[in-house]
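Student: predicted coordinates and the sequence they were generated for:
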Amino acid sequence: MIIDKAIKEGLQHEEKRIDLSTFEYEQLLKAINEKIDTKEAAHMRGLKGAIAKLKKNILIKDLSAVAAFILILITVPILSSNYINKNLFFIPTKNHSGDNIKNNNLYETTLVSYKYKKRFVDKELKLLKDPKENSNSINLILSNSVINIYGAVKDSNNTIWLNAEIPVYDSPVNNFGWIKESDTTNYSKDKLTLVQSDVYINKNTPIFETFDFESISSTPSYNTQDKIRGRLIKRQQGYALLSCPGGMNIWVDEKYLIFPKLEEDNYHLPLPLTVIENYYNSLNKKNKEKLLNTLTERYKTLSADFEFGNLKNIKPINIEIDLDTNIKSGYISNGPGSLNDAKEENVICYKVIYEVKHQNIFKASEENGIHTIYFTLVRKDESSPWLIDEIGQP
């Protein structure tokens, strides 16, 4: 049975004979909180919200008399692992206390506006897990690489850190991380002749699959079945050697090489991190028009009020790219992405820790406090803006 239905039916059955004083009500919620494991807390918000909304109609003269009723609601439908709610608004997955955040080593950074979507890295560098000096390295950025930028933050020393995606061709496949802006340069026309990663060739391009240039004459060519990317290793007599994912080495006529697009015309498009920040800013300012501008077209006709009347304030504490490939692959293969043929490079997922406060907790769809939620952003292509298409739990 779906949890919301179970709660509704259970409470409706009891409401004529149960009366709950304010003190008893608060004690009941406290008891529920103490009995719930952190991992189960998200599933309990529906129960507590339902109790809150029916508070005035519930009759309870003795708190202990309804203990069995409450425990049944807690233990039977709520522990079902099949309950997944993927609505757009305020569906957090997990509670985070201040201690949780401290133990997760979160630190103070400020989101900043950043216009560049690509940067050029001319020397070999470490890709870091977090935007801080002593962070662990999760991969190596090869020299003369063009990296994609998804957001930027400023630390307490006013250092700008870029949230970047780097070209990778082998294990480890960690391709998202952080790099100092000062370790990069603008990707401009003068860098085109220097680019080694990523270089592309289109579908149906004739190639020679061999590492040695001398073997081209004895190696039969064939046309690629799909678009291929790789690292440009060297050029020789009008041909280029590309090292591609999976250990494949190919020679191709230089005229077929495609380099990452310059982006002079795309500076006005906000980065994904900025889109999420704009979403929260619009919620705080209770500006529905600007809020809808951060969402995809399928939400433009929503009549929801976004709980503006009861919202006191909401703010993101930490925003990071979610590297759980199941979320992205699920969106593309089984979710909304399957309806519009979304490509992997045009879908990105973020994990957001945020804090929210309401005017009246009894009218809210979630508790005051710190929560975690997941955003899925999409775009049509490199020349299109990133927009939020899903917010919820995986």
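Tutor: Yep, that arrived.

Student: quick check: which ranges of the stretch 1-150 of the chain have low pLDDT?
Tutor: For the stretch 1-150 of the chain, the stretches with pLDDT under 70 are 1-107.

Student: spatially central residue in the protein, please.
Tutor: Among the residues of the chain, the one closest to the centroid is Y350, at 1.4 Å (C-alpha atoms, centre = their mean).

Student: isn't it right up against I321?
Tutor: Yes: the criterion here is C-beta atoms under 8 Å, and Y350 meets it with I321 at 5.9 Å. Just so you know, the C-beta spots here come from the backbone N, C-alpha and C atoms, and that holds for glycine as well.

Student: phi and psi next, for T159.
Tutor: phi -80, psi 130 (degrees, to the nearest 10).

Student: which residues does it contact?
Tutor: Applying C-beta atoms under 8 Å, 6 or more residues apart in numbering, we find T159 in contact with 180-182.

Student: pLDDT weak spots in the stretch 251-394 of the chain?
Tutor: For the stretch 251-394 of the chain (pLDDT under 70), the answer is 264-267, 325.

Student: what ranges do the helices span in it?
Tutor: 272-285, 288-292, 325-333 (DSSP state H, counting those that start in this stretch).

Student: now G177: how far from S217?
Tutor: 42 Å (C-beta to C-beta, to the nearest Å).

Student: again, but for K343
Tutor: 37 Å.

Student: when the two are compared, which one has more neighbours?
Tutor: Neighbour totals were compared for K343 and S217, and K343 leads with 13 against 7 (other C-beta atoms under 10 Å).

Student: list the residues that contact that one.
Tutor: I332.

Student: 10 Å - rerun?
Tutor: K343 is in contact with 332, 337, 378-381, counting by C-beta atoms under 10 Å, 6 or more residues apart in numbering.

Student: and E382, by the same measure?
Tutor: So E382 contacts 117-118, 148, 260-261, 263, 266, 269, 345-346 (C-beta under 10 Å, 6+ apart).

Student: give me the buried subset of those residues.
Tutor: By neighbour count, with 16 or more other C-beta atoms under 10 Å, those hold 117-118, 148, 260, 263, 266, 269, 346 as buried.

Student: could you list which of those belong to strands?
Tutor: 118, 148 (DSSP state E).

Student: can I get the buried ones among the contacts of E382 in a markdown table with distance to Y239?
Tutor: Converted to a markdown table, the buried ones among the contacts of E382 look like this (distance: C-beta to C-beta, whole Å):
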| residue | distance to Y239 |
| --- | --- |
| K117 | 31 |
| K118 | 27 |
| N148 | 28 |
| P260 | 21 |
| E263 | 29 |
| N266 | 32 |
| L269 | 36 |
| N346 | 32 |
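
Student: need the contact list for the nearest residue in space to E277 that is not next to it in sequence.
Tutor: In space, and not counting its chain neighbours, E277 is closest to L111: 5.0 Å by C-beta to C-beta, 6 or more residues apart in numbering. By C-beta under 10 Å, 6+ apart, L111 lies in contact with 151-154, 163, 271, 273-274, 276-277, 280, 316, 319.

Student: from L271, how far off is L111?
Tutor: Applying C-beta to C-beta, the value for L111 to L271 is 10 Å.

Student: which neighbours do these two share?
Tutor: 151-152, 163, 277.

Student: who wins on neighbours among these?
Tutor: G151 (26 neighbours).

Student: gap between D212 and S365?
Tutor: From D212 to S365 the distance is 64 Å (C-beta to C-beta).

Student: nope, N278 is what I meant
Tutor: 22 Å.

Student: chain center to stretch 279-290, what's the gap?
Tutor: What separates the centre of stretch 279-290 from the centre of its chain is 19 Å, taken as C-alpha atoms, centre = their mean, to the nearest Å.

Student: now I207: how far from T219?
Tutor: In terms of C-beta to C-beta, I207 sits 10 Å off from T219.
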